[in-house]
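*Asks:* okay, predicted coordinates and the sequence, questions at the end:
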Amino acid sequence: VQDLGVYVDGIENLVDAQRKSALLYFEDGTIEDACPPLKAVLHCMAYGHYNGKFIADPEIREMFTREELISSDWYQKRLLTKQLRDIEHWEKSTKILEDFVQKPGYSLEVNRLQIAERIETARKQLEWAKNPKYLDAINGTIGADPIHS
């Protein structure tokens, strides 16, 4: 059984270790990649507050709601990144398939692999990814990480 002094010392060691861990996000700049609620928590861990507010502040707590996260600039950037990557993917896929059709001596394979149908699917997917309603359709998903574009 530990006494109160040992218990308090243990808690202080945990708090110090968490503070040091949080400070690493600021030192290497990755704090800028964190979603808003995580950014607030890391600020509180490292400095004791976020924009003058403490972790128990209702404004900080509100950041953890789905609505707040989805309405954040951080999240909207993730959705746009996903859309742009999907457009790039379907453009490349369409070109690869169209190039394959043009290769001499591959007509049997083009038919066997149903390349014409695959081209049509790729074109439809590309058209959908370019549609302004696409962002609404992927709203609620994780989107894509813009860090490693």
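*Replies:* Sure, I can see it.
*Asks:* is the nearest residue to P146 once chain neighbours are set aside in a helix, a strand, or coil?
*Replies:* Distance criterion CB to CB, 6 or more residues apart in numbering; nearest residue to P146, sequence neighbours excluded, is T81 at 4.2 Å. (Each C-beta comes from the backbone N, C-alpha and C, glycine too.) Three-state call for T81 (DSSP: H, G, I helix; E, B strand; the rest coil): helix.
*Asks:* list the residues that contact T81.
*Replies:* 143-146, 149 (CB atoms under 8 Å, 6 or more residues apart in numbering).
*Asks:* check it and give its pLDDT.
*Replies:* Looking at T81, its pLDDT is 97.
*Asks:* mind checking how far it is from E88?
*Replies:* Using CB to CB, to the nearest Å, one gets 11 Å for the distance from T81 to E88.
*Asks:* average pLDDT for the host helix or strand of E127?
*Replies:* Per DSSP states H and E, E127 falls inside helix 115-130. Computed over helix 115-130, the mean pLDDT rounds to 98.
*Asks:* phi first, then psi, for the residue lying closest to L69 once chain neighbours are set aside.
*Replies:* With CB to CB, 6+ apart as the criterion, L69 has its nearest non-adjacent residue at 5.8 Å, and that residue is Y75. The phi/psi pair for Y75 (degrees, to the nearest 10) reads phi -70, psi -40.
*Asks:* burial of Y75, as a residue count?
*Replies:* 18 (other CB atoms under 10 Å).
*Asks:* now swap in Y25 and tell me
*Replies:* By other CB under 10 Å, neighbour count at Y25 equals 19.
*Asks:* which element is it on?
*Replies:* helix 4-27.
*Asks:* and that helix, what's buried?
*Replies:* 22, 25 (16 or more other CB atoms under 10 Å).
*Asks:* C-alpha coordinates for the helix or strand just after it, CSV please?
*Replies:* Note on helix 4-27: by DSSP H and E, the next helix or strand toward the C-terminus is helix 36-47. Output of helix 36-47 as CSV, limited to C-alpha atoms (Å, rounded to 0.1, in the frame of the first residue of the first chain):
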residue,chain,number,x,y,z
PRO,A,36,-9.4,20.5,-33.8
PRO,A,37,-10.3,18.5,-30.6
LEU,A,38,-7.0,16.7,-30.6
LYS,A,39,-5.2,20.0,-31.1
ALA,A,40,-7.1,21.4,-28.1
VAL,A,41,-6.2,18.4,-25.9
LEU,A,42,-2.5,18.6,-26.9
HIS,A,43,-2.4,22.3,-26.1
CYS,A,44,-4.0,21.6,-22.7
MET,A,45,-1.5,18.8,-22.1
ALA,A,46,1.5,20.9,-23.1
TYR,A,47,0.5,24.3,-21.8
